[in-house]
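**Student:** Dropping the sequence and predicted coords here.
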Amino acid sequence: MARLNLEFPEDQFCYSTHLTVRVTDINAANHLGNDSMISMISEARARFLFDLRTADEPDTQTDQVGIIVTDLATTYRNEAHARDQLLFEVGVMDFNRYGGDITFRITRPADQALVAMAKSGFVFFSYERKQVVPMPEAFARKFPKVNWVDRGVAKAG
């Protein structure tokens, strides 16, 4: 089976946040466990989406539209250990009518080590209608340089 290779353009990342590896994130091999890395990626994604909102946007709790994750690919490059501070750089790419990809580069600033790369697919979802819905224009407008993947909808990026 072919190995997964995730590489993203340097200028693609538009947000960053720091997370510290907790003692409870360590596995039997004495390094950051896969399950904990996925939780940290989810936290970085949630911070990114929260900080992205502006006061003039509708409250997703009121209009019942949110983002759901459709897939996640992660590659690991170096171990991380308890109390390591990690930098999560976040970007978006490959938009389509309903969503796109959120990308992550995870490094350890103390020694500049690349710890992991990840790519998470997402779609917008109406909890009221229980179906995937088109990406809100307000969200798309925040990323004018993102390339659009043709999924039967003409959209300029």
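**Tutor:** Sure, I can see it.
**Student:** Excluding chain neighbours, give the residue nearest to T20 in space.
**Tutor:** The shortest distance from T20 to any residue other than its chain neighbours is 5.2 Å, reached at Q85 (CB to CB, 6 or more residues apart in numbering). C-beta here means a position set from N, CA and C on the backbone, and glycine is covered the same way.
**Student:** could you list every residue that touches the one you found?
**Tutor:** Remark: with contacts taken as CB atoms under 8 Å, 6 or more residues apart in numbering, Q85 is in contact with H18, L19, T20, V21, R108, P109, A110.
**Student:** Okay, now the unreliable bits of the chain?
**Tutor:** 1-2, 54-63, 150-157 (pLDDT under 70).
**Student:** residue ranges of the helices in it, please?
**Tutor:** Under the criterion DSSP state H, helices of the chain are mapped to 34-52, 60-63, 137-141.
**Student:** Now distance to L114 and mean neighbour count too, for these, in a markdown table please.
**Tutor:** Listed next are the helices of the chain as a markdown table, based on distance: least, CB to CB, whole Å; neighbours: other CB atoms under 10 Å:
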| stretch | distance to L114 | mean neighbour count |
| --- | --- | --- |
| helix 34-52 | 13 | 16 |
| helix 60-63 | 33 | 11 |
| helix 137-141 | 29 | 13 |
